[in-house]
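Engineer: build me a structure from this.
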Amino acid sequence: MNKIFLIIEREFLNRVQKKSFIIATILIPLIFPSIIGLLVYIGKQQDKNATKEVVHYVDHSGFFVPDSSKFNFKLFQGSFEDAKTAYKASDDFALLLIPEMSIEKPDGITLYTKISPSLDDINSIEKIFETQIKDLKMQKMKIDQKVLDSLKTNISIKTINFSDNGQEKSSNSMIVAGIGMAGGILMYMFIFIYGAQIMQGIIEEKTSKVVEVIVSSVKPFQLMMGKILGLASVGLLQFIIWILLMFVLTFGVLGYFGIEPPQQQAMSQISADVAAQQTAMNSEMSKSLGEFYAMPWGYIAFSFVFYFLGGYLLYGALFAAVGSSVDSPAEAQQFMFPITIPLLISYMSLFMFVIKDPHKPISIWLSIIPFTSPIAMMGRIGYGVPLWQLALSMILLIGGFIFTTWIAGRIYRVGILMSGTKVNYKVLAKWFMMKG
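Structural biologist: Below is the predicted model of the structure:
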């Protein structure tokens, strides 16, 4: 056991002391907000400095009224053939033909361009016609717009969950779905990235013959377990640092933009001078933030750590077996695909089934089966998982890790010392059945 701890310490320190680890740990929580902020800034600057595209139009309908909010419409006086000739000789954006048509069946509107227009441009022009034809139909039917507006009613359903002890707690499905989606995606990324690191590290040591020196003093199984647990501790440390950095950055950004935490918002909103509409808006924001902070974050964090470690150890053993069997990453591709299939199934099911309905049988089974439970359970965890399902899922995940470790260990003990052997599934089965 002491030898396993020595290998864990070696792998941990070897990774943590690298500059790449430090850079990745610090930059990743910063780089995504920075990229998003830069893109938003560029987009705003483009919108601010953009000039309106010129759209020439020929109107045979007689009812089109140009809307200059996005485009600069110019009416062409003359035949459509002359309009096409003039447009082709210009650098303007488009030529719009509006034929004679009925407002009950407005067909035949055609946009001529020199390059394919964007969906946003098409939608903007379609919206102009839809709005104007709607107004014409309302005038024809003598319907007042104010009457239509008064018929619109917005409904907001408040959801309350009953806990096992009978307590009532407010919930927000949008927040819960966001947590489930983020947790599932992070789980998929971490398991895949750190699992691949195990495989890559074993291949490097095997090809450099370092492993032959190491296994002279430790058993191959001890080496495999040490590398898996060592990298798991690296991943867990990196994840904790990311969470802390993102937490600090979130409150820093809120403070920079003058947004108070929900507790302070609730106090500051108690003011008789605030306008009714502003009060309602702030109340809704405070309610959403309050529901977000009221989520059982300790329970969610514990579940994430457990399923990250369980899923990582389960798949890490298989990645270690693959790394010990091959001499290069290219040779590992044929064995990687079967391992990643359950990960892909659970990742795709996260969006197709789990987030949409976390209580359906397929979502429940995906969160219980060890090969899919790390991702699927994180998608369900915020919705409230029955205790027996959570316990069964955790027990089976631990059992799955033991099972995959046993399989990988039998392959690893032979494959780690093999070099230059052409490996296929038949050879892996032979190594697995070998006694020793």
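Engineer: any idea how far residue 187 is from residue 338?
Structural biologist: 20 Å (CB to CB, to the nearest Å). In short, each C-beta sits where N, CA and C put it, glycine included.
Engineer: ok, those two, which is more surrounded?
Structural biologist: Neighbour count, other CB atoms under 10 Å: between residue 338 and residue 187, residue 187 has more, with 26 against 11.
Engineer: pull the contacting residues for the more buried one.
Structural biologist: Taking CB atoms under 8 Å, 6 or more residues apart in numbering, we find residue 187 in contact with 304, 307, 308, 311, 374, 375, 378.
Engineer: one more: residue 225?
Structural biologist: 4, 7, 405.
Engineer: doesn't residue 132 make contact with residue 65?
Structural biologist: Yes. Between residue 65 and residue 132 there is a contact under CB atoms under 8 Å: 6.1 Å.
Engineer: need the helices for the stretch 301-436 of the chain, in chain order.
Structural biologist: 329-349, 361-368, 373-380, 387-415, 425-433 (DSSP state H, counting those that start in this stretch).
Engineer: okay, the ones you listed, which one's buried deepest?
Structural biologist: Greatest average neighbour count among the helices of the stretch 301-436 of the chain goes to helix 373-380 (a mean of 30), per mean count of other CB atoms under 10 Å.
Engineer: what's next to it, contact-wise?
Structural biologist: 180-181, 183-184, 186-188, 191, 303-304, 307-308, 310-311, 314, 343, 346-347, 349-350, 354-355, 358, 363-364, 366-367, 385, 390, 393, 396-397.
Engineer: residue farthest from the centroid of the chain?
Structural biologist: Taking CA atoms, centre = their mean, the residue of the chain most remote from its mean C-alpha position is residue 78, at 53.4 Å.
Engineer: distance of that one relative to residue 308?
Structural biologist: 69 Å.
Engineer: got it, and residue 103?
Structural biologist: With CB to CB as the criterion, residue 103 and residue 308 are 59 Å apart.
Engineer: settle it for me: which of those two has more neighbours?
Structural biologist: residue 308 (22 against 15).
Engineer: show me how far stretch 331-351 is from its chain's centre.
Structural biologist: Averaged C-alpha coordinates place stretch 331-351 at 17 Å from its chain's average position (CA atoms, centre = their mean, to the nearest Å).
Engineer: repeat that for stretch 174-191.
Structural biologist: 7 Å.
Engineer: what residues sit buried inside that stretch?
Structural biologist: Buried residues in stretch 174-191, counting neighbours by 16 or more other CB atoms under 10 Å, are found at 175-177, 179-181, 183-188, 190-191.
Engineer: for stretch 303-311, same thing?
Structural biologist: For stretch 303-311, by 16+ other CB under 10 Å, it's 303, 304, 306, 307, 308, 309, 310, 311.
Engineer: quick one: average pLDDT of stretch 220-227?
Structural biologist: The average pLDDT for stretch 220-227 rounds to 76.
Engineer: kindly report the same for stretch 132-152.
Structural biologist: Average pLDDT, stretch 132-152: 80.
Engineer: for stretch 189-197, same thing?
Structural biologist: The model assigns stretch 189-197 a mean pLDDT of 81.
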